[in-house]
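Asker: I'll drop the sequence and a predicted model, then ask my questions.
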Amino acid sequence: MTFPMPNLTLALPEIFVLVMVSLILIVDLFLSAKNRFVTYALTQITLLGAAWITVSTHSAVPQYTFSNMFVDDAMSDVLKLMSYVAVSVVLVYSRTYISLRGMFRGEFFALALFALLGMMVMISANHFLVLYMGLELLSLSLYAMVALQRDSALATEAAMKYFVLGALASGLLLYGMSMLYGATGSLNINQVATVIQNTTGNHVVLTFGLVFVVAGLAFKLGVVPFHMWIPDVYQGAPTAVTLFIGSAPKIAAFAFVARLLVEGLQGLVQDWQGMLVIMAFLSMAIGNITAIAQTNIKRMLAYSTISHMGFLLLGFLSGTLNGYSSSMFYVLVYVLMSVGGFGMVMLMSRQGFEAENLDDFKGLNQRSPWYAFMMLLFMFSMAGIPPTVGFYAKLSVLQAALQAGFVWLVVSAVLFSVIGAFYYLRIIKLMYFDAPQDETPIRPEGDMAMLISTNGLAVLALGILPQPLMALCAYSIQRSLL
Amino acid sequence: MSEGSTLLSWVIWLPIVAGLLVLATGSDRNAQFARIIALIGASANFLVSIPLFTGFNRLTSDMQFVELAPWIETFNIHYHLGVDGISMLFILLTTFTTLLVVIAGWNVIQKKVAQYMAAFLIMSGLMNGVFSALDAVLFYVFWEAMLIPMFIAIGVWGGPNRVYAAVKFFLYTLLGSLLMLVAFIYLYHKSGGSFSILDYHKLPLALNVQIMIFIAFFTAFAVKVPMWPVHTWLPDAHVEAPTGGSVILAAIMLKLGAYGFLRFSLPIVPDASHSLSGIMIALSLIAVVYIGLVALAQSDMKKLIAYSSISHMGFVTLGFFLFNNMGMEGALVQMISHGFISGAMFLCVGVMYDRMHSREISDYGGVANKMPMFAAFFMLFAMANSGLPGTSGFVGEFMVIMAAVKVNFWYGFLAASTLIFGAAYTLWMYKRVVFGAVANAHVEKLEDISKREFFVLGLLAVAVLGMGLYPLPFTEVMHASVNNLLAHVAQSKL
């Protein structure tokens, strides 16, 4: 009996990140606190290297390895690249913030890279168990990151909540997967899809499994009615970690849904469509309405995330390639905006002061017109007002849902986004119309200042010329989810 | 003739770039510099827009100065611009009014000058974009983007209740616009993947679909016009906005809604427009009569003019839904004329407000004794506002009333009542503010208008009188397009 050697080049980015993170863990042991920036630099180099490998091993047709458990296709490459960018930006934004709060330690970077590795595995998974493994690696790293500030009661509470609910969700997901295994006799996504296409009987077990899988997915995405952890975790976690949770993991969650529902369970589209409709509707409703009542900006953005995830589902539930690429566009745009929004919260914070309350944004236009303008761009983009890119994200998911005939859902989505506009406008109102309460000058570090400006201008530039990103999404979806 | 022209792009992007330059001058230390750049930008913008009028082919109803380039291929969205006889005049009105607003805000605005000037320049570019966009998404982008500078202008430089007014303005308009967006997306799929407005004009639609689309458009445009009963944001926004904001709102933004009816509702869903025209006429007449009476009861000058605007815009929508040539041209003339007159009225109130910091009619009295030159201008505009023959206010109203009588005597009768109410509220206000003995010590200290104010009001006076005495250049331009539109609307799309 011989073991065929799997084609390792396809998994080279993952292998590289794994090697580097082990290296970083060891190197970090020998560094004194004042040389800790070496860890930071190594982390950024890892991301750069991974990006280089991903680009150079790109191939337009899907390629499988590890006995078809792992896939490297256009979608995985694009999503991985975006994840590197997101993590890299998050680390730049976090650097000052975490070093002022005693979190500038090797663990933070190692956990971030492990989380990234988990996401990469999820993005490339072609097998239920691989998907699950990636998800758990991501989740466990995130639980630990939330609890990184050991002495903060709020953070540990958030971590505990996150862990318990996350574990429950994982359990549901596994249970659902086992049902699907029972019904189809395989855990390989392609095989499951084929069996479902050809099967006529035993639909009940499949649907039963599907419900659990969708519930697990919904937990991870944070859509209503499985959204309870989001506000608490977003608020309780240190802002740097909130920023992390709100960025790249959403890309992985997108891949998760795409691999499971679209690639694996496309044959059950009639069944999951209905569930997604309800979840999308409720997420947009509860997310947007509850956000109005918040005074803490992190909590407000958490509810806003819930509503955005609802919008994201609009693309999926249309059940067409057009819809999936709209969802992909939406998630990438969402990450761009959310990174910027939380980045601004960190930019306003300083030693011993967390800019957590909405009132901390009062009079920002007088303190710093430039950063007020950046925040204005992020807020209008989240509200979906042109000429920011958020508008095209909404436009593309709405057109996909309308094409699939969900007229009333689209109309209610539109109504909820008017409600949503109110709380984004409130931030702009605080920044522009009110007098500042706090006159401390805002002086971010050079790299952060430059990056957040780039981020804001990207929201505007993509709002004027969204075509490249849209084309990229359409390309990768068409090449991968045929 | 006009193929390959980039004139419209210039008209749109020049003020936006100028606005960004103004913004770059930064803090109020460079205020004078910001003003000068803004003035240069606004003047250049106006000059660039003039060839649109002089080079316009009056014989055709086709789109002119067309620009077409792919923009977002994924959704087949194009950068498609062009004007016809309906939209061209509004671009001139926009550039003209923006120039006046920049001059009028020269000394009055002392706080964040650069941001103020930039907001109005950028808004000017975006409004030009709305009037010239021939692609639905492009139109929508300009339409919505315009809200941002206006929201900030009201909220930053407005009166005491500015935040409420700004948020109300924004949310009201956003709600309507988003439903319009849904209608666009529907048409996009229905037309097999086109966002071109001209394609929508030819698209056959079933009656129930037409009615749904009409309602979606109606929410967007009626809010903007504003028609009764969705007008309530306007008095708030007007009262709280700075003078420049009120002028732009009244002179141009309201016209955008009316323009939307002409470019979208009537040609895309003609059958629904016909079958719902009764309701539209009723709403228009309610605006004319009821809002006219409401205006009579106001004690705040800006509020009074705001209600008067709603009442006058009622004429415009009335003219559209009569479906005859005179009504529609009258409505268009009324739109342009109202742009001049309401702008002038708000500027007049602005002149007094800058000196007295009050908009209450009761705080004034006997202004004529102290500001004779101003009183003369104000008199002219007040007369124009009440529709005196010889001013531009008369032409449009008269045409619409004539057209209404042709359709139904009582429509014409009710519409004509505005000549009485309009005169009553405007002249009564004028009498209380301007005539009589000097009312108090503050009025005693008033100084007559400066050269700059004289210049601004003088330009508007020329426009109001010119259009009143010789409206032909205006109506001549719109003739072909209006006839074409009416012919198009007369054909059923079922």
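Answerer: Cool, the structure landed.

Asker: Contact partners for residue 62?
Answerer: I'll assume chain A. Neighbouring residues of residue A:62 by C-beta atoms under 8 Å, 6 or more residues apart in numbering or on different chains: A:71, A:72, A:73, A:74, A:479, A:480. Using the backbone N, CA and C atoms, a C-beta is placed for each residue, glycine as well.

Asker: Oops, wrong one, chain B.
Answerer: Under the criterion of C-beta under 8 Å, 6+ apart, the contact partners of residue B:62 comprise residue B:84.

Asker: Please report phi then psi for it.
Answerer: Per-residue torsions, residue B:62: phi -70, psi 160 (degrees, to the nearest 10).

Asker: With residue A:281 instead?
Answerer: Residue A:281 has phi and psi values of phi -60, psi -50 when expressed as degrees, to the nearest 10.

Asker: neighbours around it, how many?
Answerer: Using other C-beta atoms under 10 Å in any protein chain shown, residue A:281 has 21 neighbouring residues.

Asker: I figured it was touching residue A:410, is that so?
Answerer: No. Residue A:281 sits out of contact with residue A:410 when judged by C-beta atoms under 8 Å, with a separation of 10.8 Å.

Asker: just to revisit the earlier point, only whichever of the contacts of residue A:62 are buried, select them in PyMOL.
Answerer: Only the buried members of the contacts of residue A:62 end up in this PyMOL selection, burial being decided by 16 or more other C-beta atoms under 10 Å in any protein chain shown:
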select buried, chain A and resi 71+72+73+74+479+480
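
Asker: Can you tell me which of the contacts of residue A:62 lies closest to residue B:27?
Answerer: Comparing these against residue B:27 with C-beta to C-beta picks out residue A:74 as the nearest, at 48.4 Å.

Asker: Where does the prediction get shaky in chain B?
Answerer: Residue ranges of chain B with pLDDT under 70: B:1-4, B:26.

Asker: Near chain A, which residues of it are found?
Answerer: For chain B, the contact set with chain A under C-beta under 8 Å from any C-beta of the partner chain comprises B:26, B:71-75, B:115, B:137, B:140-141, B:144-145, B:147-148, B:151-152, B:155-156, B:162-163, B:166-167, B:170-171, B:174-175, B:178-179, B:181-182, B:185-186, B:188-189.

Asker: Derive a PyMOL selection command for the buried subset of those.
Answerer: A single PyMOL command selects the buried members of the residues of chain B next to chain A (16+ other C-beta under 10 Å):
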select buried, chain B and resi 71+72+74+75+115+137+140+141+144+145+147+148+151+152+155+156+162+163+166+167+170+171+174+175+178+179+181+182+185+186+188
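
Asker: Just the residues of chain B next to chain A: which are in strands?
Answerer: Counted as lying in strands by DSSP state E, out of the residues of chain B next to chain A, are B:71, B:72.

Asker: May I have the beta-bridge partners of residue A:63?
Answerer: residue A:72 (DSSP bridges).

Asker: Of all residues in chain A, which one is nearest the centre?
Answerer: A centroid search over chain A (C-alpha atoms, centre = their mean) returns residue A:250, at 1.5 Å, as the residue closest to the centre.

Asker: In contact with that one, which residues?
Answerer: Applying C-beta under 8 Å, 6+ apart, one finds that residue A:250 lies in contact with A:221, A:309, A:331, A:334, A:335, A:338.

Asker: Pretty sure the first one sits against residue A:258.
Answerer: What that stands for is residue A:221. No. Because the distance of 11.9 Å does not satisfy C-beta under 8 Å, residue A:221 is recorded as not touching residue A:258.

Asker: can you count the residues close to residue A:441?
Answerer: Using other C-beta under 10 Å, residue A:441 is surrounded by 7 other residues.
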